[in-house]
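Visitor: model this:
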Amino acid sequence: MKTVSLLIYEDAVLSSVSSVVDILVATNRFLAATGKEPAFKLDLVSEKMKNIQLHTPAQFICFKTISEVTHTDLILAPAFEGSPDTVLEKNKALVNWIRTMHACGSEVASLCLGSYFLAEAGLLNGKSCTSHWKAIDDMRNRYPAINILPDKVMTDEDGIYTSGGAFISLNLVLYLIEKFSGREASIQVSKLFSIDMDRYNQAHFAVFQGQRRHEDEDILRAQIYIEQNYDQQISIEQIASIANMSKRNFVRRFKLATHNTPLEYLQRVKIESAKKELENSALNINTLMYNAGYNDQKTFRQVFKRYTGLTPQEYRRKYSRGAELN
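Guide: Numbering: from 1, shown residues only. Sure thing, here's the model as predicted:
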């Protein structure tokens, strides 16, 4: 039986806590019904107080504090609401405890934004991780030693697990169930909670908002130019001239500031425009392709799938209500 310590703190997202409780309890029930031993001993663990009032109308009674836990097999850090600066400052003790327990042999997993706790503890340095798509740029800036994989649903490296955003993080819970209690249990629990299994890509959830968390005014000017003229046939040389740079220097500084090459940034702006039209209009694929600044359907489809994991038609079927399919 694996002892699982689920961290409870004031800023934790309710569903990130309650869903784990429901799923692990259901797993034990399934195993018991098939004549097997329970796989998980679940403890709700907090820093000090044993009654934790979340920011939502919910309270959890924790039976253990971190000072009382000297051994656990797996620590789960749920997602949080609010500013990472504020949450991490309030929960320094939890971060330090995670670091200490991992050094003593505990495995550690994060759900959605819980990845900040693992990163702050230094456990992700030199490793790959994922998180909610909204946190990717901020985490890259805060933790440059981490290899962040924004499209991944989950990562598993040396007993450290991370997951994608919001409810897709439940796929990590299913993965852990399969790892520790078998495929059959994972399948049955996925059916019980109607969770799609074996999802590997969360790219189609992401909304590209521009990467402006930098102080390079020349690159910012170029970004604004791209966002205002993405539907035109503009070249990298043309954009570099807007920033008053040589192409080589421009490409280098652009990637340093945004973590994308200028071409990648232009493509992402174009694809975000196409995504919005697929969601909100019944325009045929060729028309919205031209609106996004593409002239070749094969190229458009290839680039669209590269950034979303779906074809334009698949994206429309998933996100457009009542639009005519083309």
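Visitor: residue farthest from the centroid of this structure?
Guide: Relative to the mean C-alpha coordinate of the chain, counting by CA atoms, centre = their mean, the farthest residue is residue 35 (36.5 Å).
Visitor: Secondary structure of that residue: a strand, I assume?
Guide: No: assignment of residue 35 by DSSP: H, G, I helix; E, B strand; the rest coil gives coil, placing it outside any strand.
Visitor: now it: how far from residue 10?
Guide: According to CB to CB, to the nearest Å, residue 35 and residue 10 sit 41 Å apart. For every residue, glycine as well, the C-beta is placed using N, CA and C.
Visitor: Next: residue 89.
Guide: 13 Å.
Visitor: next one: residue 147
Guide: For residue 147, the distance to residue 10 - CB to CB - is 31 Å.
Visitor: Looking at the two, which one has more neighbours?
Guide: A direct count of neighbours by other CB atoms under 10 Å for residue 147 and residue 10 places residue 10 higher, at 17 against 14.
Visitor: which residues does the more buried one contact?
Guide: 52, 53, 54, 55, 90 (CB atoms under 8 Å, 6 or more residues apart in numbering).
Visitor: Doesn't it lie inside a strand?
Guide: No: with three-state DSSP as the criterion, residue 10 is coil rather than part of a strand.
Visitor: how far away is it from residue 183?
Guide: Counting by CB to CB, the gap from residue 10 to residue 183 is 37 Å.
Visitor: before we move on, what about residue 312?
Guide: Computed as CB to CB, the residue 312 to residue 183 distance reads 34 Å.
Visitor: of those two, who's got more company?
Guide: Ranked by neighbour count (other CB under 10 Å), residue 312 and residue 183 place residue 312 first, with 22 against 11.
Visitor: Wait, that one touches residue 279, no?
Guide: No: using CB atoms under 8 Å, residue 312 makes no contact with residue 279, being 11.3 Å away.
Visitor: what's around residue 48, how many residues?
Guide: 10.
Visitor: and it, what element?
Guide: Secondary structure assignment for residue 48, by DSSP states H and E: no helix or strand.
Visitor: Next up, the contacts around it.
Guide: Residue 48 makes contact with residue 65, according to CB under 8 Å, 6+ apart.
Visitor: and it, how far is that from residue 68?
Guide: 11 Å.
Visitor: How about residue 307, nearest residue that isn't a chain neighbour?
Guide: Distances taken as CB to CB, 6 or more residues apart in numbering place residue 271 nearest to residue 307, at 4.9 Å, with adjacent residues excluded.
Visitor: That neighbour is in contact with residue 293, isn't it?
Guide: No: using CB under 8 Å, residue 271 and residue 293 do not qualify as a contacting pair, with a distance of 10.3 Å.
Visitor: For the two, work out which one has more neighbours and name it.
Guide: Each of residue 271 and residue 293 had its neighbours counted (other CB under 10 Å), and the higher figure belongs to residue 271 (23 against 19).
Visitor: Restricting to C-alpha, output stretch 235-243 in PDB.
Guide: Written as PDB, here are the backbone C-alpha positions of stretch 235-243 (Å, rounded to 0.1, in the frame of the first residue of the first chain):
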ATOM      1  CA  SER A 235       9.200  38.600 -44.100                       C
ATOM      2  CA  ILE A 236      11.600  38.300 -41.200                       C
ATOM      3  CA  GLU A 237      13.900  40.800 -42.900                       C
ATOM      4  CA  GLN A 238      11.000  43.300 -43.000                       C
ATOM      5  CA  ILE A 239      10.200  42.700 -39.300                       C
ATOM      6  CA  ALA A 240      13.900  43.100 -38.400                       C
ATOM      7  CA  SER A 241      14.000  46.500 -40.200                       C
ATOM      8  CA  ILE A 242      11.100  47.600 -37.900                       C
ATOM      9  CA  ALA A 243      13.400  46.900 -35.000                       C
END
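Visitor: What residues of that stretch count as buried?
Guide: 236, 239, 240, 242, 243 (16 or more other CB atoms under 10 Å).
Visitor: Narrow those residues to those in helices?
Guide: Among those, the members falling in helices (DSSP state H) are 236, 239, 240, 242.
Visitor: Figure out the helix or strand that residue 45 lives in.
Guide: Using DSSP H and E, residue 45 falls within strand 40-46.
Visitor: quick one: strands adjacent to the helix or strand that comes right after that strand?
Guide: Scanning forward in sequence from strand 40-46 by DSSP H and E, the next helix or strand is strand 51-53. In the sheet, strand 51-53 lines up against strand 59-61 (antiparallel) (DSSP bridges).
Visitor: Could you list the paired strands of the helix or strand following the partner strand along with their orientation?
Guide: Counting by DSSP H and E, the next helix or strand C-terminal to strand 59-61 is strand 64-65. When pairs are called by DSSP bridges, strand 64-65 turns out to pair with strand 40-46 (parallel).
Visitor: outside of the partner strand, which residues touch it?
Guide: 1-9, 21, 24-25, 27-28, 52, 60-66, 69, 72, 180-181.
Visitor: ok, of those, which come out buried?
Guide: Applying 16+ other CB under 10 Å to the contacts of strand 40-46, the neighbour count classes 2, 4-9, 24, 27-28, 52, 60, 62, 66, 69, 72, 180-181 as buried.
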